[in-house]
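Novice: Need a 3D model of the following:
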Amino acid sequence: MDLEFNKNEDKNKQLLYEVKSRLKAIYAGGGKKAAAKQKEKGKMLARERISYLLDEGKPWLEIGSFAAEDMYKEFGGCPSAGVVCGIGYVSGRQCMIVANDATVKAGAWFPMTAKKNLRAQEIAMENRLPVIYLVDSAGVFLPLQDEIFPDKEHFGRIFRNNAIMSSRGLVQISAIMGSCVAGGAYLPIMSDEAMIVEGTGSVFLAGSYLVKSAIGEDIDNETLGGASTHSEISGVTDYKHPDDATCLDSIRKIVGMIGSPENAGFDRVKAAPPKLDEEEIYGLLPESRESPYDMREIIKRLLDNSELEEYKALYGQSIICGLGRIDGWAVGIIANQRKVVKSKKGEMQFGGVIYSDSADKASRFIMNCNQKKIPLVFLQDVTGFMVGSRSEQGGIIKDGAKMVNAVANSVVPKFTIVIGNSYGAGNYAMCGKAYDPRLIFAWPSAKIAVMGGSQAAKVLLQIKEASLKAKGEEITQEKETELLKEITDRYDNQTTPYYAASRLWVDGIIDPLETRKVISMGIEAANQAPIEKQFNVGVLQT
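Specialist: Modelled structure (predicted):
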């Protein structure tokens, strides 16, 4: 291997090491003391509950591990938004699992907790997955109640989704394994079945202190809303269990009896690993996000047998389109190209820019995949659409709109992996979060923003300088340099994959070698939800 390859490999492995280090801290939740308190009560921790519930040896795909990362610092932070979510196998069946982490502020709901729960429900609804809620929460985090309670995409939307999912025949099972207070009490009781753990589980609209304050009644929480009350008197819960393990065993038995899902009919053959070494991705992906490389070499290390049936290979070369298989599943690949190529027009460095011919090609390919019922995989390393008079006169806006239209109206499942840059309208055209990918994950090398850092910093500097001059302040060269550094540092921080994952613009940050697992599990989930709509792009400028 050459020096460049080794430098790239070192850099990408360093980025991956940082991801793993951060995840280790996140997985610790609220820390050892908080964990010890839960153990003293005879409770499993959230991740222990999930591990016990899942089928041994089967993959687990966590959603939103980095949610709320570096947020809520004034309140001591909220690792993983205080809830663990993901797709896993229970009694052989793919399920969405949502487990409150009581070591993080007693499982209280922060604004990002609600957003993460809504994302989990969205994935379950799109893919018709059964949902298992492991409830252990003190309810809304009151200091931030105005950011979580009243709006459309806030706390109440979760209960609305409970009702909608039930009406659509999506199975929801809740286990009350700790506190379940106030509005949060509705989530388990709006599930199809609710079970409660004796001694630790409790559910009520108002706890004993509030009852005393509101109506003057003296009562303890166990009598008010414990397992015996709701299993023997109110009839609110369906099953009572002596401990966490017995409760989880019961869930496994129930899920094992759910009828088989319908099949969407996506094609799958026997899986095969890539012929080319997947680990070479670390050395192929450049250290710099501006450097050219051949995306085909990355694609070949993701596809079964490293085989890509490329579509219009010599046309619109700044986007690669083609058919292949991932873990046996047929997929349509749409990927940005960054290499220097020679064409009839002369030497061109694409740099992840989308040209008119590339947008036209991608639009047609998306239509073809919808016609053939083939799921789409977008590999993003895009700096945007080509600008300038030549592009404008050539109709770049029209061709870009055509691609955006095709992506937006696509009815086959879409999966997006942000490999490198994800800038501007390129993010949209390559199926960014706003375009409903079933799953969207980032590699540690990803950057997501409206434009590149250096360009944005210069624009922001001009705006800042104009504002200061309007106030009569003199801008020295030293002051300009200081402002530029301050703006660049702030902007660069906002483009990191951690910033995006913290806000759930992506579902997580993964090792490139996990890409095949993510897409395979995603298509398996999507295959449980038959396509009900016809593909139609509406009115297009031609």
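
Novice: Checking my notes, residue 364 in a strand, right?
Specialist: No. Counting by DSSP: H, G, I helix; E, B strand; the rest coil, one finds residue 364 to be helix, located in no strand.

Novice: Residue 316 versus that one, what's the distance?
Specialist: 9 Å (Cβ to Cβ, to the nearest Å). Heads up, the C-betas are built off the backbone N, CA and C, glycines and all.

Novice: The two: which has the busier surroundings?
Specialist: Higher neighbour count among residue 364 and residue 316: residue 316, with 24 against 17, using other Cβ atoms under 10 Å.

Novice: I'd say the more buried one and residue 357 touch.
Specialist: Yes. Look at residue 316 against residue 357 with Cβ atoms under 8 Å: they come within range, at 3.8 Å.

Novice: can you list residues touching both of those two?
Specialist: Shared contacts of residue 316 and residue 357 (Cβ atoms under 8 Å, 6 or more residues apart in numbering): none.

Novice: Tell me the confidence at residue 189?
Specialist: Residue 189 is assigned 88 on the pLDDT scale.

Novice: how many neighbours does the nearest residue to it once chain neighbours are set aside have?
Specialist: Nearest residue to residue 189, sequence neighbours excluded (Cβ to Cβ, 6 or more residues apart in numbering): residue 236, at 6.0 Å. Applying other Cβ under 10 Å, we find 17 residues neighbouring residue 236.

Novice: I'd say residue 236 and residue 226 touch.
Specialist: No. With contact defined as Cβ under 8 Å, residue 236 and residue 226 do not form a contacting pair (11.0 Å).

Novice: My reading is that residue 178 lies in a strand. Confirm?
Specialist: Yes. Per three-state DSSP, residue 178 lies within a strand segment.

Novice: Now the residue nearest to it when sequence neighbours are not counted: which helix or strand?
Specialist: The shortest distance from residue 178 to any non-neighbouring residue, by Cβ to Cβ, 6+ apart, is to residue 136 (3.1 Å). Assignment of secondary structure by DSSP states H and E places residue 136 within strand 131-137.

Novice: Low-confidence ranges, this protein, go.
Specialist: 1, 183, 209, 340-350, 387-388, 391-395, 452-457, 459-461, 540-542 (pLDDT under 70).

Novice: go again using 80 as the cut-off
Specialist: Applying pLDDT under 80 to the chain flags the ranges 1, 182-185, 205-214, 220-221, 225, 340-351, 386-397, 450-491, 538-542.

Novice: residues touching residue 177, list them.
Specialist: Residue 177 touches 43, 44, 49, 134, 135, 136, 197, 200, 201, 244, 247, counting by Cβ under 8 Å, 6+ apart.

Novice: Name the SS class of the second one, please.
Specialist: In other words, residue 44. Here residue 44 takes the coil state, with states given by three-state DSSP.

Novice: That one is in contact with residue 35, isn't it?
Specialist: No. Counting by Cβ under 8 Å, residue 44 does not reach residue 35; the two are 10.4 Å apart.

Novice: The two: which is more packed in?
Specialist: Shown here are residue 44 and residue 35; by other Cβ under 10 Å, residue 44 has more neighbours (23 against 19).

Novice: list the contacts for the more buried one?
Specialist: By Cβ under 8 Å, 6+ apart, the neighbours of residue 44 are 38, 52, 177, 244, 245.

Novice: Please list the members of those that lie in strands.
Specialist: Those of these mapping onto strands are residue 177, per DSSP state E.

Novice: Show me which of the contacts of residue 44 are buried.
Specialist: 38, 177, 244 (16 or more other Cβ atoms under 10 Å).

Novice: Run through the helices of the stretch 251-400 of the chain in chain order.
Specialist: Remark: helices assigned in the stretch 251-400 of the chain by DSSP state H, counting those that start in this stretch are 281-284, 295-300, 356-372, 389-393, 396-409.
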